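**Q** Turn this into a model:
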Amino acid sequence: MADLFGDDPVQPSSPTTAENAPLADRLRPARLEDVVGQEHLTGPDGAIGRMVAAGKLSSIILWGPPGTGKTTIARLLADAVGMRFVPVSAVFSGVADLKKIFAAAREHARLGQRTLLFVDEIHRFNRSQQDGFLPYVEDGTITLIGATTENPSFELNAALLSRAQVLILRRLDAAALERLLERAEALMDRPLPVDAAAREALIASADGDGRFLLNQAETLFSVRIDAPLDPAGLSALLHRRMAVYDKDREGHYNLISALHKSLRGSDPQAALYYLARMLVAGEEPLYVLRRIVRFAVEDIGLADPQALVQALAAKDAYDFLGSPEGELAIVQACLYCATAPKSNAAYAAQKASWKAARETGSLMPPPNILNAPTKLMKQIGYGEGYSYDHDAPEGFSGDNYWPEEMTPQVFYAPTDRGFEKRIAERIAWWDELRKGKNK
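**A** Numbers count the residues shown, from 1 in each chain. This is a model prediction of the structure:
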């Protein structure tokens, strides 16, 4: 089936749409201006709108979530500029298929017919296969339109990206999805059998995917429903859409980044949302726990030393209880970290001290703080003049512990937040004592 929004394996479409074709196919737009939700690209001032107005099409990578119109746009682009449209899927095609397409495109070019090659799921081609497009794009044998749901920066060769313009399709918002439902109702000549609240729930369940929404609407039109469904009735009839989430893809990194930054920004509500997004979608709980432990030392540190204790306790609790009971411990650690005072002073101190160690790593500590286990070491001054702090007033000797060739440095600068405020007061007190002893 040639889909409305461009993320299923693509086959050439027939000139007419059969009456028994899926609803999404029957509602396929016939003009670029009928594509919903992508007006930033297809409008007069958009990149695609300008290309069509000029009658000249460059190679493009269409990047966007499932069900947002990638295949539809490619087909309509070919029609708009009078090009031959050849669709392939990277899932089902190989080098031999591409060679035949390139050879046919050259023959058509000799007859004055340009070819638009649409490659669905282009990120599924490996690097060498992607390189195979380059000479045919460069010499104009084909104009390449690639569709991908994955970040092109990670999945496509730099050489291929340099020869194509990346255009980003947006997930369909509620207004765009509502327009699709209205078109479906006009085609079916009857309203959907749902009440207003259920209609909102239906749109929300699509998660920005227009094809999914129309498939759900088709199910509603196909069954006998005596009275409009409320949200509970709708949920009982339709299957729930699973969240789009690939644990080895960009969505994985986007959500863990959102969780970390929500914690750093002391927003427990947003942090819980992103935590739920990951766990509900099937993320490994220990992966999330590792990030929370890292957060506790990177972004809280000594502002609240209990944050690390809480994070590690959550890991132990989850190991002991498993899912789903152990997930409450993850929630507790998430909330503790989100609401704790924040400081990256320890993190900054680590980076600064590591840098100094790399630059001055051969300097000897001062002799007075070196052990002298042998007679020779005592004779050359190891340990001579060392002050035992516990014997000094206030338990503080004020000795110099830095290499003689190095001036004392400040790596750790505690904040005035949480427990670090008390640490800062201690350090300031020791500094004053040290100044008094060195006068």
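
**Q** The closest residue in space to Asp416 that isn't next to it in sequence sits in which helix or strand?
**A** Once flanking residues are discounted, Asp416 sits nearest to Ala424: 6.3 Å by C-beta to C-beta, 6 or more residues apart in numbering. All C-beta atoms are positioned from the backbone trio N, CA, C, and that covers glycine. Using DSSP states H and E, the element containing Ala424 is helix 419-437.

**Q** So for that helix, what gets flagged as buried?
**A** Neighbour-count burial for helix 419-437 flags Phe419, Glu420, Ile423, Ala424, Leu433 (criterion: 16 or more other C-beta atoms under 10 Å).

**Q** OK, contacts around the second one?
**A** When you say that, I think you mean Glu420. By C-beta atoms under 8 Å, 6 or more residues apart in numbering, the residues touching Glu420 are Gly301, Leu302, Ala303, Pro341, Ser343, Ala345, Pro414.

**Q** change it to 10 Å
**A** Glu420 sits next to 300-305, 341-343, 345-346, 412-414, 427 when contact means C-beta atoms under 10 Å, 6 or more residues apart in numbering.

**Q** Quick check: closest non-adjacent residue to it.
**A** Pro414 (3.9 Å).

**Q** mind listing what's buried in the helix or strand of the chain with the lowest mean pLDDT?
**A** None of the helices or strands of the chain scores lower by mean pLDDT, DSSP states H and E than helix 375-379, at a mean of 83. Residues of helix 375-379 include none that count as buried (16+ other C-beta under 10 Å).

**Q** which outside residues touch it?
**A** Residues outside helix 375-379 that contact it (C-beta under 10 Å, 6+ apart): Pro367, Leu370, Asn371, Ala372, Tyr382, Gly383, Glu384.

**Q** For ChimeraX, write a command that selects the buried ones of the residues you listed.
**A** In ChimeraX, this line selects whichever of the contacts of helix 375-379 come out buried by 16+ other C-beta under 10 Å:
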select :367,372,382
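
**Q** quick one, phi/psi of Leu116?
**A** Note on Leu116: its backbone torsions stand at phi -100, psi 110 [degrees, to the nearest 10].

**Q** Contact partners for Ser222?
**A** Neighbouring residues of Ser222 by C-beta under 10 Å, 6+ apart: Leu23.

**Q** Relative to Leu202, how far out is it?
**A** Using C-beta to C-beta, to the nearest Å, we find Ser222 at a distance of 15 Å from Leu202.

**Q** Which one of the contacts of helix 375-379 is nearest to Thr72?
**A** Nearest to Thr72 among the contacts of helix 375-379, counting by C-beta to C-beta, is Leu370 at 75.5 Å.

**Q** Please parse this protein into its domains.
**A** Domains of the chain are assigned by automatic domain parsing as 23-168, 174-237, 250-339, 366-437.

**Q** Select, out of the ones you listed, the one closest to Gln350.
**A** If you check each of the domains of the chain against Gln350 by C-beta to C-beta, domain 366-437 wins as the nearest, at 8.1 Å.

**Q** Between its first and last residues, how far does that closest one reach?
**A** Taking C-alpha to C-alpha, to the nearest Å, domain 366-437 runs 18 Å from one end to the other.

**Q** mind checking how far that domain is from the chain centre?
**A** Distance of domain 366-437 from its chain centroid, counting by C-alpha atoms, centre = their mean, to the nearest Å, is 46 Å.

**Q** Phi and psi next, for Val166.
**A** When read as degrees, to the nearest 10, the backbone of Val166 gives phi -90, psi 120.

**Q** which stretches of this protein have low pLDDT?
**A** By pLDDT under 70, the weakly predicted segments of the chain are 1-19, 239-251, 438-439.

**Q** Pick out the residue nearest the middle of it.
**A** Nearest to the mean C-alpha position of the chain, counting by C-alpha atoms, centre = their mean, stands Asn254 at 2.1 Å.

**Q** Quick check: of the contacts of helix 375-379, which lies closest to Arg84?
**A** Nearest to Arg84 among the contacts of helix 375-379 is Leu370, at 81.5 Å by C-beta to C-beta.

**Q** ok, back up a step: secondary structure added to the contacts of helix 375-379, as a markdown table?
**A** Output for the contacts of helix 375-379, formatted as a markdown table (DSSP: H, G, I helix; E, B strand; the rest coil):
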| residue | secondary structure |
| --- | --- |
| Pro367 | helix |
| Leu370 | coil |
| Asn371 | coil |
| Ala372 | coil |
| Tyr382 | coil |
| Gly383 | coil |
| Glu384 | coil |
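
**Q** still on that earlier bit, among the contacts of Glu420, which one is most surrounded by other residues?
**A** Ile300 (31 neighbours; other C-beta atoms under 10 Å).

**Q** which residue ranges form the helices in the stretch 151-300 of the chain?
**A** Remark: helices assigned in the stretch 151-300 of the chain by DSSP state H, counting those that start in this stretch are 152-155, 158-161, 174-188, 196-205, 210-222, 231-237, 250-264, 268-280, 285-295.

**Q** So which of the ones you listed is nearest Thr115?
**A** Using C-beta to C-beta, the helices of the stretch 151-300 of the chain put helix 158-161 closest to Thr115, at 17.5 Å.

**Q** starting at the chain centroid, how far to that closest one?
**A** Mean C-alpha position of helix 158-161 versus that of the full chain (C-alpha atoms, centre = their mean) differs by 21 Å.

**Q** other SSEs contacting that helix?
**A** With contacts taken as 3 or more C-beta pairs under 10 Å, 6 or more residues apart in numbering; DSSP states H and E, helix 158-161 sits against helix 127-131, helix 134-138, strand 142-148, helix 152-155.

**Q** hmm, try it at 8 Å
**A** With contacts defined as 3 or more C-beta pairs under 8 Å, 6 or more residues apart in numbering; DSSP states H and E, the packing partners of helix 158-161 are helix 127-131, helix 134-138.

**Q** Out of the ones you listed, which gets nearest to Glu39?
**A** Nearest to Glu39, of all these, is helix 134-138, at 27.8 Å by C-beta to C-beta.
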